[in-house]
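Undergrad: Quick one, structure for this:
(chains A and B)
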Amino acid sequence: MSDAELLTLSAILAAMVRAATPLVFAALGELVTERAGVLNLGIEGMMLIGAVAAFAVAHADGGILLSIAAGAAAGMAIAALFAVLALGLRANQVACGLALSLFGVGLSAFLGKGLIGTPIEALPALPLPGLSRIPVIGKALFDHDILVYLSVLAAPAIHLFLFRSRAGLILRAVGENHDAAHAIGYAVLRVRLLAVLFGGAMAGLGGAYLSLTYTPMWVENMAAGRGWIALALVVFATWRPARALLGAYLFGGVTILQLHAQNWGVGVPSQILAMLPYVATIVVLVAISRDESKIKLNAPACLGKVFHSGR
Amino acid sequence: MTSTPADLSASPTPRLALRGIVKQYPGCRANDGIDLVVMPGECHALLGENGAGKSTLVKIVAGVLQADEGEILWEGAPVRIGSPAAARTLGIGMVFQHFSLFDSMTVAENVALGVDWRGAMADLSRRVAEVSARYGLALDPARRVCDLSVGERQRVEIVRSLLQDPKLLIMDEPTSVLTPQEIESLFAVLRRLTAEGRSILYISHKLAEIRTLCERATVLRGGRVSGTCDPREETAASLARMMIGTDLAPPVRAAAPRVGEPRLVLDRLSLTSETPFSTALDAVSLTVSAGEIVGIAGVAGNGQAELLSALSGEALVAVPEAIRIDGVAAGHLGPRRRRALGMGFVPEERLGRGAVPEMSLADNVLLSAHRAAGMVRGGMIRFSRAKGFAERVIDAFHVAAAGPRAVARSLSGGNLQKFIVGREIMQNPRLLVVAQPTWGVDAGSAAAIHRDLIALADAGTAVLVVSQDLDELFAICDRIAVICQGRLSPSRPVRAATVEEIGLLMGGVFHLEETSHAS
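TA: Model (predicted):
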């Protein structure tokens, strides 16, 4: 391969990582929420609110860390709204989640009206010393901004939390059998509230990545269905963080590949190519999770069920 | 510390004393001024029918519920038990009736969730091993709960409680799901615990058990204490009278049933397992003839659910000849066509399967009996006929209900069960399959259901009863077979069988027999 081709390959790999990152955040957040037994379908809305909040702060020269924090906090705030309805008032989780998604689309568009068409500086890359010098993959994998690194580190961290820590054990117990957890004396609703807030913060970070780095500007409805993809990833990943990471990267990878395939003039209609990421992700993850017993053992048994205490 | 009477008199402070406990639910006063005293080292029975308020009372003691009125004294001092954790801190442990375990987690994780354990999992596993060795409760900490038998699950609960070193252990109907052998070993553990000076509050409605295990009993009826006694000095009949307020007539089975032609023939019925939590069926063969009652005993989770869904038609069988109803191959027929062949079916779950909880009794009649009494004509429902049918069931089977318009959910378990059994019997089935006919049903209704089933068989219907309650099967069946890990033992006449023998079969011993024959 010539140097130019190697450079292109490196750029493609780097683009794949960038395309995967918002999905990693959103899917891991939803995974923790669902492990606690709460189905929050509002990821799309939380991502958009996170994106517009992070962008607004960055636009006002708030600084990198403050912009990122604003994205997470905004996602968390809108998740708190969901928690009030679905946990506090015991409303139907599916309906609340759908409403949250629609609400997020509208609210973010309203809040972002004045921000359209004003680009900002993307988050600076932080090349990892040494690693980023490796030919081809160094530039592709180890020369990204802080959010990319954070998203990749989040997967093992969440795995350790869920499967090695006592707090994670309690969280899984609440998702598995909320009546038993209550009878033993755990505060089911408090655990669920924290899980929902964490999911909101993660979705907000995913949104922040979109508006701060992926396309450093605010565009209405810029999450473009990523929240729904993240939701599907959680199921296909059978509620395991490592698989969610894998699924997100797979989806990101095929998304970028099909874009380049369109550039290279492959003789297939672009609409068909645009479908590829969805098809590929579903096929691979179905193959991974084909074993029904694995789903049964990992799926939180109380997912989406309303908890009534005192009975 | 031992539990000799001298010790008891030396420590006259009760471990637990309840005074005037009241718990009000909407529309029902579950506990109405209950007094109860448990001494150290005592095994104290709490007796009562379903709905007498036993479970509510112990949930208050265990901190799961809060009393509206009344006082709790723990070792002489008044306390407020605000949460299960507070109860554990005092030294109150509880083994729940419906186990509070997490199926997809390991034994060690389940134990860790039930104790306030802050250390490493390895240390906890070691403590689990210690406690299980000390009390003879064999457990492997690394196994998942969903792979355990019901008896083993109970051991997890007991070990979990014992790790807290409780002074009072509450057992809520611990034997309802165990084999006779498992019950014996449980009693050995409980005796050992009282010998160590621990108190046990033992909830049951099985009178024989209480008479062998407990020194004192408090009997509840309708949310009030109807008596305290030493159960060893009472008879089962006198205890039953205290429990239900009237005498019980035991079911009487004719000495030699007139057995007619085969109505249900299972010929090497096999079913593959669909989910990791269920058991497959392996070449189950059985014949049930007109006029006889055949029982299938077994510990829950050994294939009963699969057998029942294969019989009802919810699960279809690949080989139609594997199930013959009245000589017709029916393995491939759905529930409706099996009913058309004359089969009646009473499922285990009353609410959700046997009846739609939110619908009226008249509507529930339509579910299985729509063909009877011309309730449907030209695709349209004739509600007057359905209502009339429901009224006849209510009258004939003494169902305590507001009428055919009463919503199924509003009936007590016993009354709804009488209604569902009655609905099937009123259709004059040629074959009736009944699952757990008296599970969670009070003694009065249970006796009535038993009498009805016997009368049905005497009238020439073939009856198959699947139950975990051995006393029930011995009381009403002519023949009995045991299901274990999806395989059915050959049936034997009840008169020639003993509880011990059936208990061994329930533990899977017939597998050993067969393999030794084969080799």
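Undergrad: what residue ranges in the stretch 1-150 of chain B score low on pLDDT?
TA: B:1-11, B:27, B:50, B:97-99, B:117 (pLDDT under 70).
Undergrad: all helices for it, in order.
TA: Assigned by DSSP state H, counting those that start in this stretch, the stretch 1-150 of chain B shows helices spanning B:5-10, B:54-61, B:84-90, B:107-114, B:121-135, B:150-162.
Undergrad: list the helices and strands the fifth one packs on?
TA: By that I understand helix B:121-135. For helix B:121-135, the elements it packs on are helix B:107-114, helix B:150-162, helix B:180-195, judged by 3 or more C-beta pairs under 8 Å, 6 or more residues apart in numbering or on different chains; DSSP states H and E. C-betas here are computed from N, CA, C, even on glycine.
Undergrad: what about it, distance to the chain center?
TA: Distance of helix B:121-135 from its chain centroid, counting by C-alpha atoms, centre = their mean, to the nearest Å, is 30 Å.
Undergrad: touching chain B at all, stretch A:19-31?
TA: No. Stretch A:19-31 lies out of reach of chain B by C-beta under 8 Å from any C-beta of the partner chain, never closer than 15.6 Å.
Undergrad: if you go through chain A in chain order, where are the strands?
TA: Counting by DSSP state E, one finds strands in chain A at the ranges A:126-127, A:143-144.
Undergrad: Comparing these, which comes out most buried?
TA: Mean neighbour count, computed with mean count of other C-beta atoms under 10 Å in any protein chain shown, is highest for strand A:143-144 among the strands of chain A, reaching a mean of 20.
Undergrad: Remind me what that one packs against, helices and strands.
TA: helix A:3-35.
Undergrad: can you give me the offset of the helix it packs on from its chain's centre?
TA: Mean-position distance between helix A:3-35 and its chain equals 11 Å (C-alpha atoms, centre = their mean).
Undergrad: now swap in stretch B:494-507 and tell me
TA: Centroid displacement of stretch B:494-507 relative to its chain, using C-alpha atoms, centre = their mean, is 19 Å.
Undergrad: So which bits of it are buried?
TA: Neighbour-count burial for stretch B:494-507, with 16 or more other C-beta atoms under 10 Å in any protein chain shown as criterion, is recorded at B:494, B:497, B:502, B:503, B:504, B:505, B:506, B:507.
Undergrad: Present those as CSV; the columns should include distance to residue B:165.
TA: CSV is the format used below for these (distance: C-beta to C-beta, whole Å):
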residue, distance to residue B:165
B:494, 45
B:497, 42
B:502, 37
B:503, 32
B:504, 35
B:505, 38
B:506, 33
B:507, 31
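Undergrad: okay, those in TSV with pLDDT and secondary structure next?
TA: Listed next are these as TSV, based on pLDDT from 0 to 100; DSSP: H, G, I helix; E, B strand; the rest coil:
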residue	pLDDT	secondary structure
B:494	88	helix
B:497	84	coil
B:502	85	helix
B:503	80	helix
B:504	81	helix
B:505	83	helix
B:506	81	helix
B:507	75	coil
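Undergrad: filter the residues you listed down to the ones close to chain A.
TA: Among the buried residues of stretch B:494-507, no residue is within reach of chain A (C-beta under 8 Å from any C-beta).
Undergrad: Show me what from chain A comes close to chain B.
TA: Going by C-beta under 8 Å from any C-beta, the residues of chain A near chain B are A:166, A:169-170, A:172-173, A:176-177, A:179-186, A:292-293, A:296-298, A:301, A:310.
Undergrad: returning to what we had before: minimum distance to chain A: which of the helices and strands packed on helix B:121-135 has it?
TA: In terms of C-beta to the nearest C-beta, the element of these nearest to chain A is helix B:107-114, at 5.1 Å.
Undergrad: got the angle for the closest one vs helix B:121-135?
TA: Helix B:107-114 runs at 90 degrees relative to helix B:121-135, counting by axes from the mean of the first three to the mean of the last three C-alpha atoms, to 10 degrees.
Undergrad: how far does stretch B:226-244 stretch from start to finish?
TA: 10 Å (C-alpha to C-alpha, to the nearest Å).
Undergrad: and what of stretch B:160-168?
TA: One end of stretch B:160-168 to the other measures 14 Å (C-alpha to C-alpha).
Undergrad: before we move on, back to that, and the buried residues of stretch B:494-507, which two are furthest apart?
TA: Largest separation among these by C-beta to C-beta: B:494 and B:507, giving 19.1 Å.
Undergrad: residues making contact with stretch B:59-71?
TA: Outside stretch B:59-71, the residues that touch it by C-beta atoms under 8 Å, 6 or more residues apart in numbering or on different chains are A:182-183, A:185, A:310, B:16, B:18-24, B:31, B:33-34, B:56, B:72, B:78, B:81-87, B:92, B:94, B:168, B:170, B:201.
Undergrad: Secondary structure element for residue B:294, which one?
TA: Assigned by DSSP states H and E, residue B:294 falls within strand B:293-297.
Undergrad: gap between that strand and the chain center?
TA: For strand B:293-297, the distance to the chain centre is 16 Å (C-alpha atoms, centre = their mean).
Undergrad: which residues does residue 49 contact?
TA: Went with chain A since none was named. A:74, A:75, A:77, A:78, A:104, A:107, A:108, A:111, A:204, A:207.
Undergrad: nope, chain B please
TA: Shown in contact with residue B:49 (C-beta under 8 Å, 6+ apart): B:205, B:221, B:243, B:244, B:442, B:443, B:444.
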